[in-house]
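Student: Test case, fold it:
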Amino acid sequence: MLAKDITENYPNKYNSEEIDEIIQSLIDRLILIKKIEDTNLIGQKVQEAYNTWKSQGEKKLNSYLKKVFEEFKSIY
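Tutor: Model prediction:
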């Protein structure tokens, strides 16, 4: 599903190996954020982003997750 979305949104930009790396990076980030959330160091940022996306639905989910990733990058 993620690979298909990347291929459709960025045709001919990434080869299959690069797409795999992008997906792995995304999964790694989500696991790290979830681990930090589970230890109660921060609030439930991913859940909040998901809830906002579901209620507003104006943009793609990755737009909301990108904000979470940027926040984490500035802190950690």
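Student: Report the contact partners of Leu30.
Tutor: Going by C-beta atoms under 8 Å, 6 or more residues apart in numbering, Leu30 touches Val46, Leu65. Backbone N, C-alpha and C define where each C-beta goes, glycine included.
Student: center of this protein, which residue is that?
Tutor: Leu65 (4.4 Å; C-alpha atoms, centre = their mean).
Student: Does it touch Glu48 like I think?
Tutor: No - with the criterion set as C-beta atoms under 8 Å, Leu65 and Glu48 do not qualify as a contacting pair; they are 10.7 Å apart.
Student: residue furthest from the geometric center of the protein?
Tutor: Max distance from the centre of the chain (C-alpha atoms, centre = their mean): Asn12, 21.8 Å.
Student: Now do the helices in this structure.
Tutor: Secondary structure of the chain (DSSP state H): helices at 2-9, 16-38, 45-56, 61-75.
Student: could you dump those to TSV with mean pLDDT?
Tutor: Formatted as TSV, those follow (pLDDT from 0 to 100):
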stretch	mean pLDDT
helix 2-9	88
helix 16-38	89
helix 45-56	86
helix 61-75	84
